Every structure is written in C-alpha cells, then in structure tokens.
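Q: All I have is the shape, not the residue letters:
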Ligand SMILES: Cc1ncc(C[n+]2csc(CCOP(=O)(O)OP(=O)(O)O)c2C)c(N)n1
Ligand SMILES: Cc1ncc(C[n+]2csc(CCOP(=O)(O)OP(=O)(O)O)c2C)c(N)n1
Ligand SMILES: [Mg+2]
Ligand SMILES: [Mg+2]
C-alpha cells in the first residue's frame, strides 16, 4: 500500500517505510560485505524521511526518477523488497532481471522510472514523463512526477535546463533536492554558489526548504507541492536538509577517506528519522511494525539468495526493445 | 587604439567603433550576396552599442569570448578590419589564415579568444582564461575576461554551470548577455522562464540590466562591473536590451521566414545606436569619422579580395598544435 | 509520377507518421517556423501541442523526449547542426540507448533524432560540418543515412515506428536531391537492409549518403574500363552484412566511400568485417575524411578534406590494378 | 628496484610533472581527498591552488580547463567515470580539439583528460562500465591506454607535456598491476609508439590496455602450439602503424583483442588498415565487446560481454588453422 494517499496521514505507515528502508539498507550492507552484492551500494541510511514523506504524498499512478542512492525512493514508491534485493544480488527475479543493479533499479509498473547512475540526469526524464503521462491521460487528473536528486545535482547543466523546460511548459513535476551537505567529499558550501532554492526560483519555480529528517514534516511540505503540480500550477521545488549517516559508497568502508569530522558526523547523526517517527508510536505498535519489517527483510534476503542468476548466454537480451540481436564480440 | 581605456570617455571614439562595425557588416552582407563570403554571416547590425560600450571599458590585455554573431566584438576589441574581412572571405591573410571564418574569428594577440559556433560555449572558456591569466599575472592587476552571449545562451546548461564555477572561485569575468528578444525565431518569453538576470543572481552574481542601444549607457554600466571583477569581487553580469536589425543569418535574405511582425521590426529599429551616438557629435566631426571609416572599410575589402587563398594541400595544417600530421583520407 | 525533393520527402514522412499515430510529435529549435524546412507546414496541420519549439537546451529536451518515450510517445527530435549530437551524447548514448537493457526489458525508448543537413554545408567551418554517424554505429544506436528522396521518406518513417532510438542523418549534400516518384508508393524502408544502387561484377563500392550519387557518377564514367557495383547500406547500424557479402561474392573487390573521419569510421568497420568474413581477391580500400578532420573554413580547404569523385576514381582503378 | 603499482605510477607522474612545471595543475571531483587514489597526497605537496575540487559541473570545468590551457597552463582533468566523457564530448571533441585548426594555429590547448578506472569495474552496471577510447580515436583526439605501471607513468607524463588535448584511459582491469621498476629510470613514453610486449613469429596479437596481460598469458599457454607476438600500441590514436606493419612482416597473421564495442572500434581500424596496407596471409580477426554493448549488472553477464582469454585462445587457434 506504500505510496497510496490512504496511508499518507498515518504515522505508523510512515514509520514502517522508514524502518523498511533502514533495515533493507543495513542488510544490503551486510551482503556487500559478504560479497553477495557486487559493486557495492550508496546507502540511503539517514535520509529515509525524505523518500517516505514524499512518496506518501503521491498516488500509485504518479511517477518518480531516482538517483545512484536510490533504494529508499524505489521502496517508498512501493517496490517489492524481495525483488529489489534480488536485483541488488543480480538475480533473474530482480526488478530488472539482474540487469540494472543498485544504480538502475526500476519498476515501471509502479511509475519508478529508474535510479540513474548519472547525477542530475533524472530531472529532464521526469519532466518529459510527467508531461506525456498527463497528456495521454486526457481530461483525467494530471499524473505528477517527482525527480529526486542530491545537492551535487544542482550544479549539473542538464538539470538546470530541465528546470527551465518544466517551468516554461508548466509540467506537473516536483523536484526534490536531498541536501545531505556533501557531494561525495565536497561540501555544499564549496560547490553551490548562492542557495540551493535559488536554483529553482531563478526559473520562477516555487521552492520550499524543510527539515528532511522528519517524515511528517517532509510529507506536510510535499503534499501541497504535489497537488499544486497536479492542479496545473507547474513545477515545484522542495529542498530537504538531511544527513548521510553512512558512507558515500560502501567502498568507503575499506578505504576510509577523511572528509567529515567526528563532530560533523556526530551532529549529523544526532537526529534520526527512525527515532523521530518512532517516537510518535507506542512501543507496542512500533514493535509490531519492527517485527513485521524483520520478516519482510528476512524473506527478501531469502528470496534473493534463493533465486537463480541470469545465464551468460542471455547477456545481450533486452539490449534492443525491438528484439534486434546485435553481433557478438567474437565470430 | 580601439579598446584602450584612453578612448573610453571619448564620444567620438565610441561613435567610430559603432560606425566601423555597421559599415563592416553592411559590406560583409554585400560580399555574401556577391558570393565572396561563403556560408553567410550572422549580422551584428543594431547591436553595435554593446560591443563598442563594453570593449571601451576593457584594457588591451583583457580578454573576450564571442559568439556566432561575433564580428562586432572582435572589431571592438581592436582587430584589424582588413584581416577580419580577409578571414570572412577565406584568405591566407585572415585573422585565422582562412581556417575559421565568420563563426571562429579570433585574434589571441588582442585577447580575442574567438567567436564560437556553439551557443553558450564561451562562458566556461572565458572563466578559465580569466582565472589563468590573473594567476599567471602574479601580483599585477587581474586581467578581466568578458564573455558575450545572446538571450538564447542563458538556457544552455554549460553556461549556467560556468556561472557557478566563476562565482565559487571569484573569477574576474563579466558575463554580457545581448538580449535581442529572439533566439533565431523563438522569443525570449517563450524560451526563458523567470528573468534573464535571475539566471545570474541565483549564483550570487551581481546583475545589471541596461539599454543596449546607447553606447555610452553600456559603457557607463560596463566600466564599474569590469573594475569590480578586476578588484577581485568575482564575476559580474550585464544584460543589454537590444534589437537585431537584420536577419538571424543572411540565409534569411533568401528564405524570408516570418517570425517578427512589421510593427515589431519597426519598433525595434526605431532606436539606432548609430544615430544615438552620432547625435553627440557635430556634423563635421561625424563626417570626418564617417569618411575615415569608409576608407578603412574600402581598404579592408580591397585587402581581402586582393589576398591569396590558402592552398588545399595545406588543409590539414594547424590541426595539431604539436605539428603532428594525421593520415589523409585516401592512401 | 511526381518530382519529390529529399527535403520534402522528410517532411512528408513526418506528416504521414503524425497523421497515422497521434503519439508522434516533433520538438526542436525553430521547428514551428520550420527553419530547416523539414517541419514547414506541420504547425498548421498538427498544432502547437505536436510541433514544439524548444529553448537552446538540447540536453534537457533530448532527455525530456526520452521521458515522453518511456510513457509511450514517439518523439522526433530535430537538431539544427550535427555537433549538437556531441552536446547530447550522454543523453542519447548513455540514457536513451541503455534504458531497455538496464531495466531488464521494462522500458522502451522509441525516439528519433533527426539532423537535416549533416556533414559539410560549405563555408560553415569547424563546428558546423561534422558527420558523426560512426560514433553512433560504435555505441550501437540505430543510425540511418538516406541517399535518395524515397529512402529519406522510408527510413525516417521506419525510424519513427522503431521501438529503439534511431538517429537519422540527412546529409547536406543530399538535401538537394530530387526524384520522380509515385507518391502513393512511398512506404517505410526497413532498417538494416541495404540496396544495390547499380549492379556490377568487378568491384563493390560501398557508398554512404550523398556519396551514393558520386559513386553512381564515377561508375558511369568508368563503365568502359570496369563494371562497378554500387552498394548503398542505407542503415549504417545495424549494417546489412548479408547484402554486402552477396555483393562481394560477385565482385571480390571492395572500395568504401564514407564521409567519416578515417580512424574508427564506418569505412573501417566495413573493411574489417569484409576482411574477417567475406570474399576479397585484392586488398580493400577506403576513401574518407582524414584522421581527426576538422573542416577549415575556406571553401577549397573544406572540399579538400571531403571524399571526392576523383579520389574514388583513382582508388577504384588502383584496386582493379592490384594483383 | 622497487615495486610500483599502476595507480601509484599515475600519481607519481602527476607529482613529477607538477614539480617540473608549475603550470601543471589538477582539477576534478574529490581530487583533494583523492577518491580515485591517483591524486592522493598531491594536495599536501602542491596546495589547494593546484589541486582543485570541482562541483559536479563536468561540462563547465572541462571548458574551464580549456580556457586555462589557452593561456598557457597545463590542466589535468580527472573524470571519475568513463561516461563523463560522453557528457563532455562537445567540450572535448568540438572545442578543445578544434581550437588549433579553427584559429589557424594561434591557439594551443595542452589539456589532459584522465579516467582512472575505465571499462568494467564489475558490478557497476550499464552507465559506469564503458570503454570509449575508440570515440576519441575517431574524432582524432590523442588517446593513450597504458598497460603497465611504467607506461602509465610515461604516457601520462607525455600527455601532460603534449601541446594538444590527450585523453588517458587507465583501465580498471590494469589499476592493480604492479611491476618491479627502477624509479630513477621512469621517463616519458612518446605518444604514438607501440611496443612488442612479447616477440613471436606466427601471429601478431594487438592487445589494448589490460588485455596486454591477457594476451601474454594466452601466448604463454599456447607456446608449444604457436609463436605469438604481442603488440601493445600504448597509444590508440595516433596509432603506431609502422610498428604494426613491422610485426606483420614477421607474422603475416593478425588478431586484435580490444575492449571496445565491435562496430567502428579500434579493432576495426587495426584490421582495416592492415587489410589495406600490410602483409596478411590469413583473414584477420577481432575479439571485442559485442556491437552496441551495454554491460548488464549481474557479474556473469558483465564478464560475458568483455573479451576473454578463452575467446582469444580459440581465435588465435582458428587463425592458425585458416588456409
Ligand atoms: C554527472 C556525474 N558526475 C559525477 C558522478 C560520480 N558521482 C556519483 S555520486 C556523486 C556525488 C553526488 O552527490 P549528491 O548529488 O549530493 O548526491 P549524494 O551522493 O550526496 O546523495 C558523484 C560525484 C556521476 N555519477 N555523475
Ligand atoms: C548549442 C547550440 N544550439 C543551437 C545552435 C544553432 N543556433 C545558432 S544561433 C542560434 C540562436 C541563438 O540565439 P541567441 O543566443 O539569442 O543569439 P542571437 O542569435 O540572438 O544573437 C541557434 C539556435 C547552436 N549554434 N548552438
Ligand atoms: Mg549530497
Ligand atoms: Mg537573441
């Protein structure tokens, strides 16, 4: 049910999504360590409130584009954790049949147009998708697209160009910037001249900046923006201040580069979306959810690790949607 | 002497530059018609006040990057009209030895880093050049770079990215937007969400918007921005409202596409930088300048048409600065 | 029969496809006024919702088109100059092209990229004279380079109907082509199928785009000395290898005239595959642009770096003389 | 002698060139912390004015570097992933590469583009596993793909000293290489000069980058059946044609192992030029990625689309069997 308006108001539902993402990421990190997930991941831990809050403001038919740090968005929009975990472990049962992995996880049936390995690339795709979806939908209510991206993305030309197109053409897209203070090791102060929201308002796009650690704050901010976009008021921009609790990429667990002070990390981790939302539930309710999430995650891992791997002979399958089979590399 | 501070204050000098560009363009159009200039040109007619005013605020050692509509900038920065005309007519005596033509005219000895065929491409190059020049200059005064571009360029991602780098690194560059109301046939209203200056202020870059038809107004606005950049205050932005009197490209003279109403054109042409600046001189002084400019242009055309054409056997010369000679297309 | 120009054929294909399928739409710079001529008249017929002028934001409107294609539309993106394909290379090669495989077949991106006036226009100099179809053949984006008005119509129609991204290069050197055609008979030309433009028995000349006309003219000039078969691949990726092999079975000799830079260009691929797999009785030869060519402005220099009929003639003669 | 890793060799070349010439500086993402490892330690040695962290604005910082090069500096631009070369293709191929010719020799752009970790890193999937050096060989930007620590040092040093733009690909598959070298003897390796990594008499295997190691291993495995000469071009553009011709004079047989997509890749150029101009007693063969390859995520699929030792072995054997 995640992602449907029904659960939007419900604190337990929000908590469940945060918890689901958190535990999913923790287990995924285990699987990176154990070698079951090859290539590593960009953990979303600490930023869960954003995916949970924003997606709670969306309807099932709405769309999202995600990033290299995309697990949270994909799960919050309703993807099956089991098929997601199967994707990360490269199985045929994965969302992308093992072809995409962490950085390209997608579920078009849920409007998840994909994580993207190129920073800033999703904005224009989301704008086009929202424009087309609303147009194809005829007189029905517009389908809104949310494009998630980080603070580093606001320095990408193509994203700024996308802001312009969306504003000119009044596209029902909501741009959500997850400002976690860093683009890998570079601070926002060293990377972004002016303010993050100024990048949107320059194009006449209304921009709001909120605490991205509180799921309900995020939802409360996102809901009106989503509905404004749906109502034809054009693109909207939401900046969520957050903090990445873990590594930029699990590669850091070995390399341990130094770029955040102890103090900075301690301060950043001091507010945890899981606690913030959890505090709104009774211990009993919270325990029920935690246990249910544990089962979901355990089942997801079991499903993933028990699933078959795609066969190398099919490595070129899906390369062309038309079914065209290209020449192999050796004849 | 054009482009040296000495002449900056002098109304006659400004008039001379405007007149020089105007007559250069008119003769160039003749040469397009007569087939001496192949490939056509993007006439600068109507916009002369901007090149004249801005370059009058520069020192000889300062730098500029120009555009597809670049003749005015190159001449105003001091390029020899004869070698410029020789370039447009593809002669070995041209600024670029006939290799560049209208869209790539350059004179690095004068700090003219080149016209550019790709809209918006000059901004990042100018920023880098200004950063390097000032750095290589050591404790001397910073060398300022001016990057000229049109209203269409503010929709190019790479230019917006360049604004960010220049602002972050406090580069002594002045971005000059020549807003002539159209990108080929598309109006600014249909192309630019928000205002042109907002594109700069979003990055914390001070922006000024002025009447681009009056050379003295442009000079008065440009001079303090250039000196602010030189003084280390970082990039500056100047929007000049202007109007393109002639075709987007001489190709229009034949094709005659319809996109500007008679009224729009009449209104746009109603204020002519030549008259505005000319009115500040006595008829006698004006006549002296006009006659001198006629001689310069006549000599330029004579020089160009009397110059040799490069030999086809040298077509690959200069391809590699290292002197490496690539394989021909047929062995 | 009617005289149809290459440019009008492209416009006709667009109009016909837009009529046939309401999900087809055009976007690009100055397409409403129709500065490239190809889209002239479409605004009046299909209105501003389907003929969309874009700001100079090629990267964003390219991926915007991809986004609309993901939802089932069939965008035709017009680029005014070939080097805009460099500017949007990430959006085409790294996004549009990769969606289908990366999503495990969930996504399809039926987008067409059209460049009316590729290659040299004479006097447009270094940044406006590129002919980069080989770049797309390398990354594997379907690419066509029609030589005739009928193929311009048929290949553009097929590109629009194809479920993968397709780049359509309309060489500036071919835009002026006119042919006497039966308008009713115009129809899609399948991607990946070449055609023998002139049958011959001594040597196969693979000619791309506007050079097909050159090859036919040279073949005619040489008709008394050598029987030249002219093979027009029409699609440069995927290439019609079976068609080429059949031709080489007949001739055993190969010359390629290709307006790409020499190194790693289409000509290289044709020679390489022929050398690996096909019948060759003498060494094959290429007539191309030089390595790393940047076209200089001056007309004679611009021409000097493009493949010429004279070069093709002497190359054919050399191949015939070879032991 | 000292054990030097490929990655350290790159860092050493950077440090040595920065020491030798104060106009050399580095810019890119996370170069101060040295996320790619190559720039580790440079910040401390040369300070923040010469080791510059950039925002995620690849297009602008690429042309920014070009602007500084026009003024006489020698920037080394580090790209974290190969597909950033797609994103900056306009700035490299259409601006930096064309300045010298378009200005009639007034301008030079001595900029180096470094990609530490090109090709597949296993498990990084579709958008992080490209090996697009053939694109630069096609447009004519000088391009090197070092195979050994000594060549990584020497080619990067030469790239920095060269007056034209040069792209340096350091294959992920080679970064782990270590060699016992005399640090004092490390020196620039001239661009455009290949090397015979192993002499042989029956067949020439042209191997690029990390595949040189594969070729040597296969040659060793096959030593009792066939005498394999391994030719490492080191520079893929401009290619050492004389070196290849000399090798083929000896062997008359050619196999290329090249981690490019097949169509219009470097392998195609090598086969084409050899077929045109050099001694071949049997048809040449390629071992490459498939046409239009997009590397799937799952490890076995990722590996399946990369050239392998097994493929090289059977291809060499097939060439030896050919009539
Ligand atoms: C265009 C582009 N440049 C560089 C990279 C390499 N890279 C991957 S993630 C990243 C940092 C992104 O920072 P941000 O947008 O703030 O997202 P975060 O990682 O903080 O969630 C970089 C530099 C990339 N994938 N795409
Ligand atoms: C990036 C890019 N896109 C498109 C073009 C084709 N083109 C050349 S000039 C032009 C319009 C430019 O408008 P503007 O920037 O306002 O300058 P103006 O022509 O009005 O002086 C276009 C679309 C180009 N050269 N470069
Ligand atoms: Mg961040
Ligand atoms: Mg304009």
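A: Thanks, I have it. Predicted model, so just to flag it, every value in this text is computed and none were measured. Ligands and ions are numbered 1, 2, ... in the order given.
Q: Could you report the pLDDT at the one residue in the stretch 201-331 of chain A that gets nearest to chain B?
A: Using Cβ to the nearest Cβ, the single residue of the stretch 201-331 of chain A nearest to chain B is residue A:202, 3.5 Å away. Just so you know, the C-beta spots here come from the backbone N, C-alpha and C atoms, and that holds for glycine as well. In this prediction, residue A:202 carries a pLDDT score of 98.
Q: Backbone dihedrals for it, both of them.
A: Phi and psi for residue A:202, reported as degrees, to the nearest 10, are phi -60, psi -30.
Q: Give the burial count for it, as a bare number.
A: Using other Cβ atoms under 10 Å in any protein chain shown, residue A:202 has 26 other residues around it.
Q: So it sits against residue B:202, correct?
A: Yes. Here residue A:202 reaches residue B:202: they are 3.5 Å apart, a contact under Cβ atoms under 8 Å.
Q: Tell me who's in contact with the nearest residue to residue A:15 once chain neighbours are set aside.
A: With Cβ to Cβ, 6 or more residues apart in numbering or on different chains as the criterion, residue A:15 has its nearest non-adjacent residue at 4.4 Å, and that residue is residue A:277. Listed by Cβ atoms under 8 Å, 6 or more residues apart in numbering or on different chains, the contact partners of residue A:277 are A:11, A:14-15, A:18, A:49, A:52, A:214-216.
Q: If we use 7 Å, what do you get?
A: A:11, A:14-15, A:18, A:215 (Cβ atoms under 7 Å, 6 or more residues apart in numbering or on different chains).
Q: Just say helix, strand or coil for residue 294.
A: Let's take chain A. helix (DSSP: H, G, I helix; E, B strand; the rest coil).
Q: Switch to chain C, please.
A: Counting by three-state DSSP, the backbone at residue C:294 sits in coil.
Q: still on that earlier bit, redo the contacts of residue A:277 as JSON lines? Include pLDDT and secondary structure.
A: Converted to JSON lines, those look like this (pLDDT from 0 to 100; DSSP: H, G, I helix; E, B strand; the rest coil):
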{"residue": "A:11", "pLDDT": "96", "secondary structure": "helix"}
{"residue": "A:14", "pLDDT": "98", "secondary structure": "helix"}
{"residue": "A:15", "pLDDT": "98", "secondary structure": "helix"}
{"residue": "A:18", "pLDDT": "98", "secondary structure": "helix"}
{"residue": "A:215", "pLDDT": "98", "secondary structure": "helix"}
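Q: Which members of those define the maximum pairwise distance?
A: A:11 and A:18 (10.5 Å; Cβ to Cβ).
Q: Not counting its neighbours along the chain, what's nearest the residue of the stretch 201-323 of chain C found nearest ligand 1?
A: Residue of the stretch 201-323 of chain C nearest ligand 1, by Cβ to the nearest ligand atom: residue C:264 (25.3 Å). Nearest residue to residue C:264, sequence neighbours excluded (Cβ to Cβ, 6+ apart): residue D:138, at 4.0 Å.
Q: what's the neighbour count on that neighbour?
A: For residue D:138, the neighbour count with other Cβ under 10 Å is 31.
Q: Nearest spatial neighbour of the closest residue to chain A within the stretch 51-200 of chain C, chain-adjacent residues omitted?
A: Closest to chain A within the stretch 51-200 of chain C is residue C:67: 2.5 Å, counting by Cβ to the nearest Cβ. Ranked by Cβ to Cβ, 6+ apart and with sequence neighbours excluded, the top spatial neighbour of residue C:67 is residue A:128, at 2.5 Å.
Q: okay but the one you found is in contact with residue C:62, surely?
A: No. Residue A:128 is beyond contact range of residue C:62, at 9.5 Å (criterion: Cβ atoms under 7 Å).
Q: Find residues that contact each of those two.
A: Common neighbours of residue A:128 and residue C:62 (Cβ under 7 Å, 6+ apart) do not exist.
Q: which bits of the stretch 101-250 of chain A sit near chain C?
A: A:104, A:106, A:108, A:113-114, A:118, A:121, A:124-129, A:131-133, A:136, A:157-158, A:161-162, A:164-165, A:168 (Cβ under 7 Å from any Cβ of the partner chain).
Q: Okay, and which of those residues map to helices?
A: In helices, judged by DSSP state H, the following of those are found: A:124-129, A:131-133, A:136, A:157-158, A:161-162, A:164-165, A:168.
Q: ok, residue C:301 touching residue B:312?
A: Yes. Using Cβ under 7 Å, residue C:301 is in contact with residue B:312, at 6.0 Å.
Q: Looking at the two, which is more packed in?
A: The neighbour count for residue C:301 versus residue B:312, taken as other Cβ under 10 Å, is higher for residue C:301 (25 against 15).
Q: Torsion angles phi and psi at the more buried one?
A: phi -70, psi -40.
Q: got a pLDDT number for it?
A: 98.
Q: From ligand 1, how far out is the closest residue to it other than its chain neighbours?
A: Excluding its sequence neighbours, the residue lying closest to residue C:301 (Cβ to Cβ, 6+ apart) is residue B:315, at 4.2 Å. As for residue B:315, its distance to ligand 1 is 37 Å (criterion: Cβ to the nearest ligand atom, to the nearest Å).
Q: Quick one: mean pLDDT for the helix or strand harbouring residue A:52?
A: Applying DSSP states H and E as the criterion places residue A:52 in helix A:48-56. What helix A:48-56 shows for mean pLDDT is 98.
Q: after that helix, next one along is what?
A: Next along from helix A:48-56, by DSSP H and E: strand A:63-65.
Q: is any part of the following helix or strand past that following strand close to chain C?
A: Counting by DSSP H and E, the element after strand A:63-65 in chain order, helix or strand, is helix A:71-76. No. Using Cβ under 7 Å from any Cβ, we find that helix A:71-76 stays clear of chain C, coming within 12.1 Å at best.
Q: Summarise which helices and strands the helix or strand just after helix A:71-76 is packed against.
A: Of the helices and strands lying after helix A:71-76 in sequence (DSSP H and E), the nearest is helix A:81-88. In terms of contacts (3 or more Cβ pairs under 7 Å, 6 or more residues apart in numbering or on different chains; DSSP states H and E), helix A:81-88 is packed against helix A:11-33, helix A:71-76, helix A:283-306.
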